[in-house]
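# coordinates only, sequence not included:
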């Protein structure tokens, strides 16, 4: 951490700062430049220290130079995290596809979809039993009944299940049914929920908040990792911008950035990322070409009758076509990301 | 709700749409323009219907024309909501000031601050016992111990207490101590928490999420109101933009917009809204001049030693000065907002 | 265009509105719903009409239903625009690659780069003679001297030249040297420049403004097209968001959206889109996978000595590797976008 | 400027960096912390140096510590800039009000408005003869004819004129008629225009670009100042965010920030800042309460017949009422900003 001194600071201010740093257990190294004098703060600094130091007389600005996240960083763990769920490995050689309806609606809808996505080559079944909704007057999921249907679909198809948990009280219940616990974008900073998910030791997927920076996202991941649950993957699902044509702007660059900064697998969700079914395929392919470890895709037997998010759901036929396309792009980029082709550093 | 037909739609598509609308209990009124044909959908429409209808063949776009929120709207309740907390009325003639430390740290820190803000004329004491923090390695509040200190400060000063509740399990506990329950920006779409707060019938304050539109904010308010809790106020605390000089960009226009769209009182938080103590006074005055019903201000006996958010906290002296300034501006705008001066429609 | 009436409007207000519409040459079709009454405005409406109508007593909101751009739309021209520049066709079967230095610095730097990008398979040489710079104290290009060097490089390598024109006075001069005129992001709404470029009948490329919606971008394209210059392509180069890790957030979804809404070719610029050289390859591949017609890539013989934008420039070696990767991805997606694989409607 | 070294850098990398710095005329001061080694770069650094240094092997990140703008900074000129235009002083004790129609439409419209705003107490007449428009099919102003009408209105009312210049070729012409040259938001980074305006030595007003950071805005001001024109004021007119209820989000905090960072006067434009006439008064008052030196307000004899921006224009009656309100708020805050009330440092 560096303290940049205000122009025209006094000798007393400088002396006081060095004193206070020493009292707090830090060492201050002064360095005078042409325009500015700077103090390097040596010791185990922490993010809040910036706010504190910026209040001190004579200080212009404080510049942190350590990253505030640790356990999620490549520096902490250079090798990729790989997560085994049943026969599937997330973060390994293959692009993993999680597909299914936005919300579990009926047994028939779910089973039909589960069979279709399995036939098309999906690896994991997605489906929400608890659905966040901006309006209290909208469909909000079947609850435990939905979890039971997911269990049934797993038994029939053998596909592992990923499903969302929305509140700390439900973590235990949802964890009894799910193979992967999903934390949604709106809960990315629901810190108590993150810790409960961290305590389960279940594989988990943390979606990026709609207006979260990459650093904040990694800090939220830290909440789960710090509880000892290291089976964590991240999911980019679009951020909020001024553009109104799409529901969100999917930040494809987040994929290689996470790859560079973190060892955690990175999944892309072009369904939420765009909000329009006809943009799902191009963005899914883009994500794979950018190095994503997996995709999360909404599929519905009859999107125009869906209770939720029909507009961004693929039909069985479109999903099957997408799987073939994903295969082609994944093959074409395999030597780049899995081999020695792309050297980022 | 209006269906805008695609150019070149077929007669069969049109007939199918009208049929399906009838089956769903709606009536469709067709209207052919020079460029476009449009179907007016008559009946009790709901937000999700847009997504569904946009999937139907022949449809270009669906345009909703009802607002999705009800209970929070001026149309539902034309007169202002006023909330009585002890002797204080929020949403009435006076600008209410809630002040205190970001986080409760120690008995001495809290009591000293409570006395100082009371002496300067604040109406309500703020202080966090549970603190959300982007990093798991930061200070996160004293918990129930903090609530007890708040109770003590209330007993000594007579100031009612506002404090944040972060998770559904804690609502009952926090409600035992607090006069006003605060839901923070990160929890604006923690829908289960909103419903628990709605069930308490305690006065509550809902902060705007960092990237929430005004419509989403009012929809979140709906979650609380729909549980029967009508003692609700809103709080603008800054939104996320590309500007990095400030922590957030305080959206002052949200104040008159809420005033126009909703009967709920609107509070402004220039401390979080700017993140820098020297911007707090100008933005506090701006909020009052724009018609805010109240202010929420962070005050600390020694901001440069604060455990949290010192950079945006005022000293006792600066707070006292601000109170005098707020008084002057509030007096100057009283005839505008409280009388007949500003006619918005 | 639709007029949504305020609840509780009076009969007189309705009669007045219908009268005024008639006077303006429109017809108004009234339709009463359960919650709202709506008037369909039939006739040749225009964007500004919305503002005007929203001022009229009794009106709640006006909803436009025609798109404000015409010449750039798929509805106006269903088939793709293809632009021939020398032997290269932009908007056709091949992914076109424009590569070269951000700024022309010296003859040696430019010629060396031109040879290297040609050898690696690039189709067009890019290089700025006039450089916009946020600071007046920065390098701003060699001016006409730079154009002459570009001409020399063209003669030697046979590569057509794309270069930026920054101001209406320079259009004629730059058009004498350039094969494609580039309008930069900062000038997307420099309407007088757009018209001058439109008058030249030279192939042109219009970059998306840093905070431009897709609709505004297409409206800016309209300025060029309306002058009779139909040899226009668009270029996505990243938009401004709250994320600070990247210089901009490249909006990959803009590629399939433009493809759907417009017949104009769409190029992606991952160099400006990310601002970091190690993100260029993943985003270039993503753009191709999303269906881009071309790429624009910054290449420099010695990026760490570049006068401008070294941080986002590739070395010759990295560019050569990228070209091979682009080839693989382009091949894998060719059947999708060029054949019948992806049906968007 | 500071170079933060990558963890695990080699001794050779460090030696090379120090060497190269020396060759470039800088001195490097090394400082080893617990987590990071840092090199302080001493000498006359410049913004682009960051990009260059970040390319060097062993470098993790480069942190600039000088501000890139000079002439516009408080450090360069501690006292406020005051601009005299006729009898009016901008940046002095009084809040200056510039009012008039968005666009000059007819002699009658302009003269009527000029008389009305003068009678209500406005100090300067605004009116556009050249109008930027997102669509080429919209009204774009009367051109020189409009300038002549403005001149006529000035002669009749004695009010100085502010009007926009959109392109370098027009600077001389517009400067012959205008008392203050306005550079619009879309041209904030039209650097050639800025320089032409700088050469005129006429008072000028630079609007903030729709997605410009405060630092970029001050850098654009630098272009004008560097040509020797020091009679410059800035104008906040709203930035683009995700909120769609307003046309832009007026960043009220920009007012005290400019006050702190720069000596240039700061004007607020709540008409463009909100896009809705009923929000103009609250935001105008907010701007004054935040310390603005002036306001720019759109007024039209018949807003619902305006050719441009009627929705954000005030009627004569509403403008007169606003002037009284502005007077009250300005009086109440005068001791705060003009006296010793608000100490920001």
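In hand now; what should we look at? These numbers were taken from a predicted model, which means no experiment stands behind them. Numbering: from 1, shown residues only, chains lettered A, B, ... in the order given.
# so what's the spatially most central residue of chain A up against?
Most central in chain A under C-alpha atoms, centre = their mean is residue A:234, positioned 3.0 Å from the mean C-alpha point. The neighbourhood of residue A:234, defined by C-beta atoms under 8 Å, 6 or more residues apart in numbering or on different chains, consists of A:205, A:206, A:207, A:208, A:217, A:221, A:258, A:262, A:264, A:265, A:266, A:267. Quick note: C-beta positions are derived from backbone N, CA and C, even for glycine.
# Show me which pair in those residues is furthest apart.
A:207 and A:262 (15.0 Å; C-beta to C-beta).
# Show me which residues of the stretch 151-300 of chain A sit near chain C.
Residues of the stretch 151-300 of chain A lying close to chain C (C-beta under 8 Å from any C-beta of the partner chain) are A:211, A:213-215, A:239, A:241-246, A:249-253, A:255-257, A:260, A:273-274, A:278-279, A:281-283, A:285-291.
# Out of these, which are close to chain D?
Applying C-beta under 8 Å from any C-beta to these, one finds that A:241, A:242, A:244 fall near chain D.
# Which one (most neighbours) among the contacts of residue A:234?
Tallying neighbours with other C-beta atoms under 10 Å in any protein chain shown puts residue A:264 at the head of the contacts of residue A:234, with 30 neighbours.
# where do the helices sit along the stretch 1-150 of chain A?
All helices of the stretch 1-150 of chain A, identified by DSSP state H, counting those that start in this stretch, fall at A:11-23, A:48-54, A:107-120, A:144-157.
# Most neighbours among the ones next to chain D among the residues of the stretch 151-300 of chain A next to chain C, which one?
Busiest of those [other C-beta under 10 Å] is residue A:241, holding 25 neighbours.
# just to revisit the earlier point, pull out the buried residues from the residues of the stretch 151-300 of chain A next to chain C.
When those are checked for burial by 16 or more other C-beta atoms under 10 Å in any protein chain shown, the buried set is A:211, A:213-215, A:239, A:241-243, A:245-246, A:249-253, A:255-257, A:260, A:273-274, A:278-279, A:281-283, A:285-291.
# Pull the contacting residues for residue A:143.
Listed by C-beta under 8 Å, 6+ apart, the contact set of residue A:143 reads A:129, A:130.
# rewinding a little: now the contacts of residue A:234 in TSV, with pLDDT, distance to chain D and secondary structure?
Formatted as TSV, those follow (pLDDT from 0 to 100; distance: C-beta to the nearest C-beta, whole Å; DSSP: H, G, I helix; E, B strand; the rest coil):
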residue	pLDDT	distance to chain D	secondary structure
A:205	98	25	strand
A:206	98	22	strand
A:207	98	18	strand
A:208	98	16	coil
A:217	96	18	helix
A:221	96	20	helix
A:258	97	18	helix
A:262	96	15	strand
A:264	98	19	coil
A:265	98	23	coil
A:266	98	22	strand
A:267	98	24	strand
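# quick one on the thing from earlier: the helices of the stretch 1-150 of chain A: which one's closest to residue B:304?
Taking these one by one with C-beta to C-beta, helix A:48-54 is closest: 6.0 Å.
# Going by neighbour count, list what's buried in the closest one.
A:48, A:49, A:50, A:51, A:52, A:53, A:54.
# ok, and which of these reach chain B?
Okay, of these touching chain B (C-beta under 8 Å from any C-beta), that's A:48, A:51, A:52, A:54.
# nearest residue to the one residue in the stretch 51-200 of chain A that gets nearest to chain C other than its sequence neighbours?
Proximity of the stretch 51-200 of chain A to chain C (C-beta to the nearest C-beta) peaks at residue A:67, 11.3 Å away. Distances taken as C-beta to C-beta, 6 or more residues apart in numbering or on different chains put residue A:73 closest to residue A:67, at 6.1 Å, once the chain neighbours are dropped.
# For the one you found, name its beta-bridge partners.
residue A:262 (DSSP bridges).
# now swap in the one 10 residues further on and tell me
In this structure, residue A:83 bridges to residue A:90 when assessed by DSSP bridges.
# mind listing what it touches?
Here residue A:83 is in contact with A:89, A:90, A:91, A:203, A:231, A:232, A:233, A:265 (C-beta under 8 Å, 6+ apart).
# among the residues of the stretch 151-300 of chain A next to chain C, which are in helices?
Per DSSP state H, helices hold the following members of these: A:214-215, A:255-257, A:260, A:273-274, A:278-279, A:281-283, A:285-289.
# Return the list of helices and strands in contact with the helix or strand containing residue A:324.
Residue A:324 is part of helix A:316-337 when elements are defined by DSSP states H and E. Packing partners of helix A:316-337 (3 or more C-beta pairs under 8 Å, 6 or more residues apart in numbering or on different chains; DSSP states H and E): strand A:96-100, helix A:107-120, helix A:277-289, strand A:294-298, helix C:277-289, helix C:316-337.
# Report the separation between the residue nearest to residue A:206 when sequence neighbours are not counted and residue A:209.
In this structure, residue A:206 finds its nearest non-sequential neighbour in residue A:183, 5.0 Å apart by C-beta to C-beta, 6+ apart. Distance of residue A:183 to residue A:209, given as C-beta to C-beta, to the nearest Å: 10 Å.
# what do you get for residue A:242?
Applying C-beta to C-beta to residue A:242 and residue A:209 gives a distance of 18 Å.
# Does residue A:221 touch residue A:206 like I think?
Yes: proximity of residue A:221 to residue A:206 meets the contact threshold set by C-beta atoms under 8 Å, at 5.7 Å.
# low-confidence ranges in chain A?
A:338-345 (pLDDT under 70).
# mind giving me the domain split of it?
As assigned by automatic domain parsing, chain A contains the domains A:2-63, A:83-337.
# okay, these, which one's buried deepest?
domain A:83-337 (a mean of 22; mean count of other C-beta atoms under 10 Å in any protein chain shown).
# Quote the end-to-end distance of it.
Its start and end residues considered, domain A:83-337 measures 18 Å (C-alpha to C-alpha, to the nearest Å).
# Can you tell me which residues in the stretch 101-250 of chain A are near chain D?
For the stretch 101-250 of chain A, the contact set with chain D under C-beta under 8 Å from any C-beta comprises A:240, A:241, A:242, A:244.
# Now flag whichever of those is closest to residue D:130.
Looking at these and their distance to residue D:130, the nearest is residue A:242, at 26.0 Å (C-beta to C-beta).
# so what's the closest one up against?
Counted by C-beta under 8 Å, 6+ apart, residue A:242 has contacts C:211, C:213, C:239, D:240, D:241, D:242.
# redo that, cut-off 10 Å
Residues in contact with residue A:242 (C-beta atoms under 10 Å, 6 or more residues apart in numbering or on different chains) are A:249, B:241-242, C:211-213, C:239-241, D:210-211, D:239-244, D:248-249.
# before we move on, what about residue A:324?
Residues near residue A:324 by C-beta under 10 Å, 6+ apart: A:120, A:121, C:335, C:336, C:341.
# How much space separates it from residue C:331?
Applying C-beta to C-beta to residue A:324 and residue C:331 gives a distance of 15 Å.
# can you check residue A:133 too?
From residue A:133 to residue C:331 the distance is 43 Å (C-beta to C-beta).
# what does residue A:121 give?
21 Å.
# go on, residue A:229?
Distance, residue A:229 to residue C:331, by C-beta to C-beta: 41 Å.
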